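Asker: Would you be able to build a 3D model of this:
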Amino acid sequence: MSTPILTIRGARRRYNADTPALQGADLELQSGTITALLGPSGSGKSTLLRAIAGLEPLDAGEIICGAQSWNGNGPAVPPEKRRVGMVFQDYALFPHLNAIANVAFGLNGSDKKKRALAQLEAAELGHKANAYPHELSGGEQQRVALARALAPNPAIVLLDEPFSGLDRRLRSELRARTIASLKAAGATALIVTHDAEEAMAVADQLALMGGGRIIQTGTPDDVWMNPASAAAARLLGDVDVFTGKVANGQVSTPLGDVPAPDFKPGQLVDVLVRPAAISVIPADDGAYALTECRSTGAELAMTLKAADGSHWRASTPAPCDLRTGDSVNIKLNQTFVTVTNSAG
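Answerer: Take a look at the predicted model:
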C-alpha cells in the first residue's frame, strides 16, 4: 500500500478527569480515498475530526500529513496552514454572505470569484450564486458547504455528520451527489457518521470507533464479514453473541456446532451470529419456537427461542407465512457467523 497522506498515532484528548474523549486513537488515510468513521455518540469521532482540523489540541499523540507533523513536538500547525476543508454538521454558512461569497471566503487571488463559481457549477448550483443561506434548502446549503470546502483544493476534506439533518430521501440523494463530487475532485475525505448503512454506502475504507479508540479498519465488506470483536460487529448491525469454549476445533452453541479452527482447545471465544445467518424452517415438532415475527417491509424480522431458553434474531424475505408461536427448525449459514476472542 502507498504511503498514507495522513497518519494519526496514539491520539489522546481528555476534557477532564472523568471524560477521556480520545484514548490512543490510530488511523491512516490513503490519498484519494473516502474513509467513513463510524461510532456511537461519545465515542470520540468529532473530537478526532476537530483535532485533525486543528480546532482541538491533543494531550498526546501525533498527526502527520505527508512529511509534516501537525501535532507533535514543538508548536502545532494552526488550522489555516493545514490545507483541510471542513463541512460542519450545521454547514456553518455565513448568513450575511450569498452562496458565491461563502464559497470564495478564504480564497486568495484575483480569480477567487471565478474559482468559487466553478465549484458552485460543479455542485449544480451556479444559478444560486447570489442566493443567501436562508433562501436555500437544506440540501442546497449542504452542497454550498461542500463547494466551500473543496474550493481551496485541500489535502483532506473532513465532513462531520453532513447528512444527519436531512430527510431519508434527500439524504440518499445528497450522499450520492457528495461522493461523486469528492471522487471527481480526487479528494481524500473523512466522513464522520453514526449511521452504519451510510458508512457502508460511502466508504472505500471503514474505521470503527469506540471508547476513544479505532477498534477496526478495512473495506466495508471485510469489516462486516469479519468483525474483530462483538463491539465492532454491533456497530454495523444486529448481532447475537454466544460465549463458549473451543473443543475439538469447534464451539458448541444453542444453534449447533460452529467451526473454530484458529483457536486453541479450551480457549474462551465469542460466536457472533447475524440474523441473516439463521434460516428458519417450519416444523410441527421443531427445536425452536418463534416468539416474535415483525414485518420490516422487505423482510420479516423474527426472534426465536432455543431449548436452553436463549433468544436469537433471524430474518427472512417477506412475504412469509410464519407467525408468532410457530415451531421451527433452523439451518445456520456459517458465512454470517464469526468467531473472535472473547472480551469476557
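Asker: And A318, how close does it get to K305?
Answerer: 21 Å (CB to CB, to the nearest Å). C-beta coordinates here come from the backbone N, C-alpha and C atoms, glycine included.
Asker: ok, now N341?
Answerer: 28 Å.
Asker: With neighbour numbers in mind, choose between those two.
Answerer: K305 (16 against 13; other CB atoms under 10 Å).
Asker: Could you say which helix or strand holds the residue nearest to the more buried one when sequence neighbours are not counted?
Answerer: In this structure, K305 finds its nearest non-sequential neighbour in A289, 4.7 Å apart by CB to CB, 6 or more residues apart in numbering. Taking DSSP states H and E as the criterion, A289 maps to strand 288-295.
Asker: Check which strands are paired with the next helix or strand after that strand and give the direction for each one.
Answerer: Remark: after strand 288-295, the chain's next helix or strand is strand 299-305, criterion DSSP H and E. Strand 299-305 pairs in its sheet with strand 288-295 (antiparallel), strand 311-317 (antiparallel), by DSSP bridges.
Asker: Buried ones in the helix or strand of the chain with the lowest mean pLDDT, by neighbour count?
Answerer: Within the chain, confidence by mean pLDDT, DSSP states H and E is lowest for helix 168-184 among all helices and strands, at a mean of 85. Residues 171, 174-175, 177-179, 181-182 are the ones in helix 168-184 that count as buried (16 or more other CB atoms under 10 Å).
Asker: Can you tell me which of those residues is closest to G72?
Answerer: For the buried residues of helix 168-184, the closest approach to G72 (CB to CB) belongs to L182, at 28.0 Å.
Asker: Could you measure from the residue nearest to the closest one when sequence neighbours are not counted over to L6?
Answerer: Distances taken as CB to CB, 6+ apart place A189 nearest to L182, at 5.0 Å, with adjacent residues excluded. As judged by CB to CB, A189 and L6 stand 11 Å apart.
Asker: so what sits against both of the two?
Answerer: Counting by CB atoms under 8 Å, 6 or more residues apart in numbering, the common neighbours of A189 and L6 are I156.
Asker: Mind checking which of the two has more residues around it?
Answerer: Taking other CB under 10 Å, A189 and L6 do not tie; A189 has more neighbours (29 against 21).
Asker: isn't that one right next to T35, touching?
Answerer: Yes - counting by CB atoms under 8 Å, T35 is a contact partner of A189 at 7.0 Å.
Asker: Under the pLDDT cut-off, which ranges of the protein? List them.
Answerer: Applying pLDDT under 70 to the chain flags the ranges 1, 73, 344.
Asker: Compute the first-to-last residue distance for stretch 332-339.
Answerer: One end of stretch 332-339 sits 14 Å from the other (CA to CA, to the nearest Å).
Asker: which of the residues in stretch 266-281 are buried?
Answerer: By 16+ other CB under 10 Å, the buried positions in stretch 266-281 come out as 267, 269-278, 280.
Asker: which ones are touching G32?
Answerer: Contacts of G32 (CB under 8 Å, 6+ apart): 186-188.
Asker: Across the sheet, point out what pairs with Q68.
Answerer: With DSSP bridges as the rule, Q68 is bridged to C65.
Asker: Pull the distance from stretch 18-37 to the chain's centre.
Answerer: Taking CA atoms, centre = their mean, to the nearest Å, one finds stretch 18-37 lying 11 Å from the centre of the chain it belongs to.
Asker: Stretch 29-38 now?
Answerer: Centre-to-centre, stretch 29-38 and its host chain are 10 Å apart (CA atoms, centre = their mean).
Asker: and it, C-alpha only, in PDB?
Answerer: Output of stretch 29-38 as PDB, limited to C-alpha atoms (Å, rounded to 0.1, in the frame of the first residue of the first chain):
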ATOM      1  CA  LEU A  29      -6.000   7.900   5.400                       C
ATOM      2  CA  GLN A  30      -4.900   7.000   1.900                       C
ATOM      3  CA  SER A  31      -4.700   9.600  -0.800                       C
ATOM      4  CA  GLY A  32      -7.800   9.800  -2.900                       C
ATOM      5  CA  THR A  33      -9.900   7.500  -0.700                       C
ATOM      6  CA  ILE A  34     -13.100   8.200   1.300                       C
ATOM      7  CA  THR A  35     -13.000   6.900   4.800                       C
ATOM      8  CA  ALA A  36     -16.100   6.700   7.000                       C
ATOM      9  CA  LEU A  37     -15.500   7.000  10.700                       C
ATOM     10  CA  LEU A  38     -18.400   5.100  12.400                       C
END
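Asker: Many thanks, I have nothing further to ask.
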